[in-house]
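A.B. asks: no FASTA, just this:
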C-alpha cells in the first residue's frame, strides 16, 4: 500500500477550518445579516417618506408570485440561501465539506483495494491500529456498509484515524525500523 504525502494530508483533514476561524466567520456573518436587515429597514423608511412604499411593495409581491409560478420556489428563500452561501461561515462550510468529501473518497478507495482488518497485525507495531473504534470500521467494511457509515463525520474521523495509523506503520516498515509482520 502506497501512502503518499497527499493521502496523509487528506486523511488528517489538512485545510479544515479551526474553531477560532469558525467563530470569526460566524461573527462576520452575523454582522453581514444585521447590516442587511438594517439596510432593508432604512430603505423601507426612505420609500415610505417618498410615498412609493405601496408601489414597491406591490412590485415586490408581484415579482415573488411570478418567480414562484415559474420556478415553484420561493424567491426570498432563494435570496437568503444565496446570501448564506456567500457569507464567511458559508464559505468555510463549503470548504470544510469539500475537505471531508475528499477524505471520504480516499478512504473508500483504500477500502476497495484492501481489507482494513488485514492490517490488524500492524497493531504489534502500533497499538492504535487496534483501537476499539477501529473494529467498528472493520465490521462496517466487512458488512459492506462502510460507505453509508462514513456519512457521519464522527465515523469518518474514526476511519481517517485508522488509515493514518496504518500509514505510520507503513512508513516505519519502509524505513526498515521494524520487520514486516506476518499476515
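C.D. replies: That came through fine. The structure presented is a predicted model; accordingly, all values stated were derived computationally and were not measured.
A.B. asks: only C-alpha atoms for contact and neighbour calcs from this point on.
C.D. replies: Fine.
A.B. asks: so what's the residue of the chain most remote from its centre up against?
C.D. replies: In the chain, residue 51 marks the outermost C-alpha relative to the chain mean, sitting 47.8 Å out by C-alpha atoms, centre = their mean. Counting by C-alpha atoms under 8 Å, 6 or more residues apart in numbering, residue 51 touches no other residue.
A.B. asks: quick check on it: phi, psi?
C.D. replies: phi 80, psi 20 (degrees, to the nearest 10).
A.B. asks: what number of residues lie near the closest residue in space to residue 32 that isn't next to it in sequence?
C.D. replies: Using C-alpha to C-alpha, 6 or more residues apart in numbering and skipping the chain neighbours, the partner closest in space to residue 32 is residue 87 (7.4 Å). Using other C-alpha atoms under 10 Å, residue 87 is surrounded by 19 other residues.
A.B. asks: right, and residue 87 touches residue 29 too?
C.D. replies: Yes - using C-alpha atoms under 8 Å, residue 87 is in contact with residue 29, at 5.4 Å.
A.B. asks: need phi/psi at the residue nearest to residue 32.
C.D. replies: Recorded main-chain torsions at residue 87 are phi -80, psi 160, according to degrees, to the nearest 10.
A.B. asks: and the lengthiest helix in the chain, which residues are buried?
C.D. replies: Identified as the longest helix of the chain according to DSSP state H is helix 19-50. For helix 19-50, a neighbour-count test (16 or more other C-alpha atoms under 10 Å) marks 25, 26, 29, 32, 33, 44, 47 as buried.
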